[in-house]
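> heads up, no residue letters with this:
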């Protein structure tokens, strides 16, 4: 039996795969896209990587998890992949789009990008020649072999930890937790800028105990990881669940800061001062965010303009 080794599912790639794709056969010279857009980099969300810039966002088709709350299920979990509108590009053409629009990065997003590593790598190789960064917005459900292949081509990631509970991954995502945590540790260890998102779903993963587990993992991994707690809205097969209460999001952020997480941000709720980044030494405002209007006060040397304390922000 022929097994795919791109992700932990190890599907028989001659039969129906969980991601509904056959990525082992991908042609690295042709990228099949389901969506292309220009987004603020903060929308990924990346708050500490090239703040205030825009990125070329690329979506493909398929996902190696089956989350029942998927917000992009029409391309990640389509009923019939043949019916998803696809446009093909050569990697050179994608990079040229970034160049033509004066964009400093390309983000693989909307669905799970790492199921198509050949497309990411072939595009990133060309992008590097123009100092265009490569970003992954990923569920982290990636095999070690794929991580090893991607590492030297990826500059930044936002990894979505669904929960710190194995049962949650089994019942809600049809996956497992361990590979996700391994991916985060791997990216951090290899110097890839890493941010983490946790979508809080009422009654599923929003208890104080659940939130503390996420905080503990991030705190023990790196104090430079920005942690985003985002609000759930009814989606896909969870349309009967109410949106997360805003106070739950704020409570998670406050608890994370209390327990020592340097940078924590609310998401999918009304903009507030909690979206801003402040110096961890003197509390001076470093980055002011009003939706996607960004005022960056970090010095060119990467420090606080008030006390010169190093800011954990990557910028060109």
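Thanks, I have it. Here the structure is a predicted model, which means the values were calculated and not measured.

> For the stretch 201-316 of the chain, which segments are assigned as helices?
Taking DSSP state H, counting those that start in this stretch as the criterion, the stretch 201-316 of the chain contains helices spanning 208-221, 246-258.

> helices or strands next to the longest strand along the chain in the packing?
Longest strand in the chain, counting residues (DSSP state E): strand 193-200. Contact here means 3 or more Cβ pairs under 8 Å, 6 or more residues apart in numbering; DSSP states H and E; on that basis strand 193-200 packs against strand 156-160, helix 178-189, helix 208-221, strand 227-231, helix 246-258. (C-beta placed from N, C-alpha, C; glycine too.)

> Hey, what's the angle from the last one to helix 208-221? Just curious.
Spelled out, that is helix 246-258. For helix 246-258 against helix 208-221, the angle by axes from the mean of the first three to the mean of the last three Cα atoms, to 10 degrees is 40 degrees.

> Was I right to think residue 222 contacts residue 194?
Yes - assessed by Cβ atoms under 8 Å, residue 222 is found in contact with residue 194 at 7.3 Å.

> before we move on, the earlier item: using JSON lines, lay out the helices and strands packed on strand 193-200 together with mean pLDDT, mean neighbour count and distance to residue 110.
JSON lines is the format used below for those (pLDDT from 0 to 100; neighbours: other Cβ atoms under 10 Å; distance: least, Cβ to Cβ, whole Å):
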{"stretch": "strand 156-160", "mean pLDDT": "98", "mean neighbour count": "23", "distance to residue 110": "13"}
{"stretch": "helix 178-189", "mean pLDDT": "98", "mean neighbour count": "19", "distance to residue 110": "19"}
{"stretch": "helix 208-221", "mean pLDDT": "98", "mean neighbour count": "17", "distance to residue 110": "24"}
{"stretch": "strand 227-231", "mean pLDDT": "98", "mean neighbour count": "23", "distance to residue 110": "16"}
{"stretch": "helix 246-258", "mean pLDDT": "97", "mean neighbour count": "17", "distance to residue 110": "23"}
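
> would you turn these into JSON lines with distance to residue 54?
Formatted as JSON lines, the helices and strands packed on strand 193-200 follow (distance: least, Cβ to Cβ, whole Å):
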{"stretch": "strand 156-160", "distance to residue 54": "14"}
{"stretch": "helix 178-189", "distance to residue 54": "23"}
{"stretch": "helix 208-221", "distance to residue 54": "27"}
{"stretch": "strand 227-231", "distance to residue 54": "19"}
{"stretch": "helix 246-258", "distance to residue 54": "26"}
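
> of all those, which lies closest to residue 303?
Comparing the helices and strands packed on strand 193-200 by their distance to residue 303 (Cβ to Cβ), the top pick is strand 156-160, with 20.3 Å.

> If you count contacts, what does that closest one end up packed against?
strand 133-138, helix 178-189, strand 193-200.

> could you say what helices and strands the longest one packs with?
If I follow you right, that is helix 178-189. Judged by 3+ Cβ pairs under 8 Å, 6+ apart, the packing partners of helix 178-189 are helix 144-150, strand 156-160, strand 193-200, helix 208-221.
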